[in-house]
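Engineer: what shape does this take:
(2 chains)
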Amino acid sequence: ILNVEQSPQSLHVQEGDSTNFTCSFPSSNFYALHWYRWETAKSPEALFVMTLNGDEKKKGRISATLNTKEGYSYLYIKGSQPEDSATYLCASGDYGSSNTGKLIFGQGTTLQVKP
Amino acid sequence: DTEVTQTPKHLVMGMTNKKSLKCEQHMGHRAMYWYKQKAKKPPELMFVYSYEKLSINESVPSRFSPECPNSSLLNLHLHALQPEDSALYLCASSQDSGNQPQHFGDGTRLSIL
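Structural biologist: This is a model prediction of the structure:
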C-alpha cells in the first residue's frame, strides 16, 4: 500500500448502532497514525495519535486499535449518536518525516447517524 | 471554539490580485502547517514550518508564498492564482514532531475568478 486508504467511503447507521471503519497505511518505516473527526462547518479535531503496535486508545464511546505490522487501524464507535455524524480522517506519518510532522491523509469515512 | 484562528473565512479574488491568508495560534506550538483541501479529497500538505523555519515545501507553485513572522503567526501570500487553486486552505499547528496531534483552524474558502 503506497497511500493511506480508508473504508468504507460512507456509512449510514441508526442511532444506537455500533460501527467501525478501517484505515490502511504503509507499514514500512511507520512512525505514527492519527485519527481526526471533521464535522461539517467546523475544523478537524484530533481524536487519537498512536505509535505502538497493539496500541488501543479510547475517548468516551470511540476507541481505536493499531496494527503496525500489517498496516491497519480500526476506529470503533459504540452506540452511535446523531452528534457522531462527521467525516473521520486517518493520517499516517513515517520515520523520514517524524521530525517535521508531515502526514498523509486518507480520503475519510463519512458517517451519518439517523435518529 | 478553535484555538487556531484563520482569516479571512472566505476570499474571492481575481487571477491578477495579490492577497494573504493569515493563521494564528497561542498554544506555544512550534510546528505550523498549510494544507489545501479540494471537495471530496483529503487535505494535501503544502508547507511545514518548524521553529519558524520552512522545513517542507511539497513542490508548491511559487504563486503561493508562505511566511512565518514569529512562532504564533503563519501567512500564505497569494499572487496570480489560477482557477484550479480554488479550495479550502487549512492551517494547523502542533507542539513539534509527528507524534503530536495537529490542531486545525476552520479554514479559508478561496475562490479564484
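Engineer: just the strands in chain B please.
Structural biologist: Assigned by DSSP state E, the strands in chain B fall at B:4-7, B:10-13, B:18-25, B:31-37, B:44-50, B:53-57, B:64-70, B:73-79, B:87-94, B:103-104, B:108-112.
Engineer: save those as a markdown table, and put in mean pLDDT too.
Structural biologist: Below are the strands of chain B laid out as a markdown table (pLDDT from 0 to 100):
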| stretch | mean pLDDT |
| --- | --- |
| strand B:4-7 | 96 |
| strand B:10-13 | 95 |
| strand B:18-25 | 97 |
| strand B:31-37 | 96 |
| strand B:44-50 | 94 |
| strand B:53-57 | 92 |
| strand B:64-70 | 96 |
| strand B:73-79 | 97 |
| strand B:87-94 | 96 |
| strand B:103-104 | 96 |
| strand B:108-112 | 96 |
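Engineer: now do the contacts for residue 27.
Structural biologist: You didn't pick a chain, so chain A it is. Taking Cβ atoms under 8 Å, 6 or more residues apart in numbering or on different chains, we find residue A:27 in contact with A:1, A:68-71. (C-beta placed from N, C-alpha, C; glycine too.)
Engineer: that's the wrong chain, I wanted chain B
Structural biologist: Applying Cβ under 8 Å, 6+ apart to residue B:27 gives the contacts B:3, B:93, B:103.
Engineer: tell me which residue is most central in chain B.
Structural biologist: Geometric centre of chain B, nearest residue: residue B:34, 3.1 Å, by Cα atoms, centre = their mean.
Engineer: what bridges to that residue?
Structural biologist: On the basis of DSSP bridges, residue B:34 is bridged to residue B:47, residue B:91.
Engineer: what residues are up against it?
Structural biologist: B:23, B:45-47, B:66, B:74, B:76, B:89-91.
Engineer: quick revisit: now restrict the contacts of residue A:27 to buried residues only.
Structural biologist: With burial judged by 16 or more other Cβ atoms under 10 Å in any protein chain shown, the buried subset of the contacts of residue A:27 is A:68, A:71.
Engineer: in strands only, show me the contacts of residue A:27.
Structural biologist: Going by DSSP E, the strands hold none of the contacts of residue A:27.
Engineer: need the contacts of residue A:27 in a markdown table (columns: pLDDT and distance to chain B).
Structural biologist: Putting those into a markdown table (pLDDT from 0 to 100; distance: Cβ to the nearest Cβ, whole Å) gives the following:
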| residue | pLDDT | distance to chain B |
| --- | --- | --- |
| A:1 | 48 | 15 |
| A:68 | 95 | 13 |
| A:69 | 95 | 18 |
| A:70 | 95 | 20 |
| A:71 | 95 | 17 |
